[in-house]
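>>> Predicted model and sequence follow; I will ask about them next.
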Amino acid sequence: MKGVTLIPVPDTAIIVVAAGSGTRLDGGAPKAFVGIDAHSILRHALDGVFASAPAQVVVVAPAGFEGDAEAELRVAAGDRSDLGRVVTGGGTRQQSVAAGLAALWGDVRTVLVHDAARALTPPEVIDAVRDAVDAETGVLPTLPVVDTLKRVDGDAVVGPIDRSELAAAQTPQGFPRALLESAYERALDEGVEYTDDAALFAAAGHPVRHITGSPRAFKITTPADLERTRHLLAERTVATGATTDSPPPPVSRVGIGTDVHAFGGDGSLWLAGLEWPDEQPLSGHSDGDAVAHAIVDALLGAAGLGDIGEHFGTAHPEYAGAHAAVFLARTRELLADAGFAIGNVSAQLQGNRPRFSARRIEAEGALSAALGGAPVSITATTTDGLGFTGRGEGISVTAIAMIHSDGRQAEKES
Ligand code: CTP
Ligand code: MG
């Protein structure tokens, strides 16, 4: 078998039911093929499915749309396309699921049944359902019911309903394969249509548990739902620069950082990337350069990458005694890895000493060089004798940074 790589066959399958007509959406095509943005409902659903752990994926398509479903599946699956196949659905959702069940591989032990119409379901929900299924128990994601509920009869309100006993069901719903198959045979024999797979499974006498679902796993049913989906995707586009086809628009973000150090210790002062030989030093894990540290926090904060303690704190002894150039160059690298370029940085120093203005240009140049040439400006002020800075006990610095996405984090998101 030299040269042949055997891919392990997954023990889980996800049946994506997409064979409905979408009567209530009325989108001019079967619901799964209605466009949300540049991509269809089915494509978005499959993107979520393929972002979850590897599984056999069976797409159940409306008769006559098998080829379209194949095309969507191939693109969404990428290098996992061997795991996917398309089958033809039936006249009811239950019949469509049954068609999917008939296409499962022999090794599959756990089956997840998922509505394509829940196009934005996060992959984490899919994985959580899969992990929660055991040999006897079915699992479904739910959300608490938030509205106050009433029992009605015509226009009369008959009574209240205790909503703490209720939960709204979502998909994917996960089951041990053997029990789900026999429950489907039983339903077929009975000729009963159940509202969902969990109900069908429970009717065969098996336990079902629920885990926390996601607001993003809502089902696209009406034109208003489609509008909501578009808004949610557009929000993500603004937040991350992610789009489906066109190049991402530039996205700018700001961050703030503060640092305080007390004067103390031996040696000379390091501040704003410069050595100040005749000044009292600042104490700290590194060289105590409060200007550099505030800038690092502003940059990390802007990119949402945590803070200076996480990346350079005492858990990183390699930075003990390090100077600004090292911190800033590493920070710039972390941002670049996350897809961000630095726009500019502005920092303000509060303290009596050193007298900063004489070396302002030099300091700005040193910090800017460490940040790959991004403009850095530093202002300095005293605090009128007030507070610890006024008493000459230490220095306080506040920095803000603006950064721009270079579009690469958009690719990671989409
Ligand atoms: N479904 C299916 N086969 C059917 C009916 C529904 O595969 N015969 C799928 C739908 O494609 C959808 C999911 O089951 O992903 C949930 O069904 P629903 O939201 O009711 O979709 P439609 O039946 O397409 O919509 P409508 O009821 O408005 O016609
Ligand atoms: Mg329907």
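Okay, I see it. Numbers count the residues shown, from 1 in each chain. Ligands and ions are numbered 1, 2, ... in the order given.
>>> Only C-alpha atoms from now on, for both contacts and neighbour counts.
Noted.
>>> hey, which helix or strand in the protein has the poorest pLDDT?
helix 408-413 (a mean of 47; mean pLDDT, DSSP states H and E).
>>> near ligand 1, which residues of the stretch 151-300 of the chain?
Within reach of ligand 1 by C-alpha under 6 Å from any ligand atom, the stretch 151-300 of the chain has these residues: residue 221.
>>> Find the closest residue to ligand 1 in the stretch 151-300 of the chain.
Minimum separation of the stretch 151-300 of the chain from ligand 1 (C-alpha to the nearest ligand atom) falls at residue 221, amounting to 5.4 Å.
>>> Need the three-state assignment for that residue.
coil (DSSP: H, G, I helix; E, B strand; the rest coil).
>>> quick one: the spatially closest residue to it that is not a sequence neighbour from ligand 1, how far?
Of all residues not flanking residue 221 in the chain, residue 25 sits nearest, at 5.7 Å (C-alpha to C-alpha, 6 or more residues apart in numbering). To ligand 1, residue 25 is 6 Å away according to C-alpha to the nearest ligand atom, to the nearest Å.
>>> what does the model give the residue of the chain positioned farthest from its centre for pLDDT?
Farthest-out residue of the chain from its mean C-alpha position, per C-alpha atoms, centre = their mean: residue 278, at 50.1 Å. Each residue has a pLDDT score; the one for residue 278 is 88.
>>> and if you look at residue 173?
Value for residue 173, per-residue pLDDT: 98.
>>> For the residue nearest to residue 221, give me its contacts.
31, 220, 221, 222, 223 (C-alpha atoms under 8 Å, 6 or more residues apart in numbering).
>>> now swap in residue 290 and tell me
259, 260, 261, 271, 272, 395, 396, 397.
>>> do you know how far the residue of the stretch 151-300 of the chain closest to ligand 1 is from residue 376?
51 Å (C-alpha to C-alpha, to the nearest Å).
>>> swap in residue 330?
16 Å.
>>> Check residue 397 too.
Distance from residue 397 to residue 376, by C-alpha to C-alpha: 14 Å.
>>> likewise residue 324?
Distance from residue 324 to residue 376, by C-alpha to C-alpha: 13 Å.
>>> Just to check, the residue farthest from the centre of the chain is in contact with residue 266?
No - counting by C-alpha atoms under 8 Å, residue 278 stays clear of residue 266, with 11.7 Å between them.
>>> quick one on the thing from earlier: now, which of the contacts of residue 290 sits nearest residue 235?
Closest approach between these and residue 235, by C-alpha to C-alpha: residue 259, at 33.0 Å.
>>> can you confirm that closest one is in a helix?
No - using three-state DSSP, the assignment for residue 259 is strand, not a helix.
>>> Quick one: residues contacting it.
Residue 259 makes contact with 290, 291, 293, 294, 396, 397, 398, according to C-alpha under 8 Å, 6+ apart.
>>> Bridged to it, which residues?
residue 397 (DSSP bridges).
>>> hmm, back to that, based on its surroundings, how many neighbours for the closest residue to the residue farthest from the centre of the chain other than its chain neighbours?
Among residues not flanking residue 278 along the chain, residue 268 sits closest, at 6.8 Å (C-alpha to C-alpha, 6+ apart). The tally of other residues near residue 268 (other C-alpha atoms under 10 Å) stands at 15.
>>> And residue 18, by the same measure?
29.
>>> I figured it hits residue 116, correct?
Yes - Residue 18 is within contact range of residue 116, at 5.2 Å (criterion: C-alpha under 8 Å).
>>> okay, and the common contacts of these two?
32, 42.
>>> low pLDDT regions in the chain?
1-7, 236-250, 406-414 (pLDDT under 70).
>>> again, only this time at 80
1-8, 235-250, 284-286, 321, 406-414 (pLDDT under 80).
>>> Show me where the stretch 101-250 of the chain has its strands.
With DSSP state E, counting those that start in this stretch as the criterion, the stretch 101-250 of the chain has strands at 110-115, 138-144, 149-153, 156-161, 167-169, 173-176, 208-212.
>>> nope, the stretch 301-414 of the chain is what I meant
Using DSSP E, counting those that start in this stretch, strands in the stretch 301-414 of the chain cover 340-350, 376-381, 394-405.
>>> Of all those, which one comes closest to ligand 1?
Per C-alpha to the nearest ligand atom, nearest to ligand 1 of these: strand 394-405, 35.1 Å.
>>> helices or strands next to the closest one in the packing?
strand 252-262, helix 290-303, strand 340-350, helix 387-390 (3 or more C-alpha pairs under 8 Å, 6 or more residues apart in numbering; DSSP states H and E).
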